[in-house]
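# Predicted structure and sequence below. I'll ask about it afterward.
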Amino acid sequence: MKVSVLILLSAIFLGAGAAHGKTFTLKTETSGELAFVGTDGTKNPNLEVHEGDLVELIIENQDGVPHILTIPELDVKSTRVDTVGEKTIVKFVAKKGEYPYFCPLPGHRRMGMEGKILCRHK
C-alpha cells in the first residue's frame, strides 16, 4: 500500500504534464553593436523552450546604458536597468511559436539588440 501511494505521489509531483522551468541570463553589451549576450557569449541568442514551460529571463546591465527587454506578442516587458550590475527578472509561460525579444528604447533594436524565443510543442 505504501509503495503504490509513493508511486502515485511521485507521478503527480514529477511530471505527468507538469510545467518545467527554464532560466536564461542575458547581459547587455554596447561594444560594436548593441546586444543581449547569453552565458555562452552568443549575441542575441535564440532561446529555445517548450510550450507550457515557465520561462525566467534575467537581464543584467553590463554597459551602464539603459535597457529594457520586451516581447510584445507575449505581453512581456521588463523594468529598465540603468547602471552596471543592475538586474531585472521577467517570467512568463511559453506559448508555441516564434517571438522576437528586443530592447524598445530608441535606436537599440535597429542597432542589433534583438533575438528570438523559439517555443516548440512538447
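Structure received. Remember, it's a predicted structure, so these values are computed and weren't measured experimentally.

# burial count for the closest residue to residue 85 other than its chain neighbours?
Setting aside the residues directly before and after it, residue 85 is nearest to residue 61 in space (C-beta to C-beta, 6 or more residues apart in numbering), at 6.7 Å. For glycine as for every other residue, the C-beta is placed from the backbone atoms N, C-alpha and C. Per other C-beta atoms under 10 Å, the neighbour tally for residue 61 reads 20.

# For residue 83, see how far away residue 61 is.
From residue 61 across to residue 83, the span is 6 Å (C-beta to C-beta, to the nearest Å).

# Now do the residue nearest to residue 85 against residue 71, distance only.
Going from residue 61 to residue 71 by C-beta to C-beta gives 18 Å.

# do the same with residue 57
Look at residue 57 and residue 71: by C-beta to C-beta, they are 9 Å apart.

# list residues touching both of these two?
Overlap of the contact sets of residue 57 and residue 71 (by C-beta atoms under 8 Å, 6 or more residues apart in numbering) consists of residue 101.

# so who does the residue nearest to residue 85 touch?
27-28, 67, 81-87.

# Report the buried members of these.
27-28, 67, 81, 86 (16 or more other C-beta atoms under 10 Å).

# Closest one to residue 105 out of the contacts of residue 61, please.
residue 67 (6.6 Å; C-beta to C-beta).
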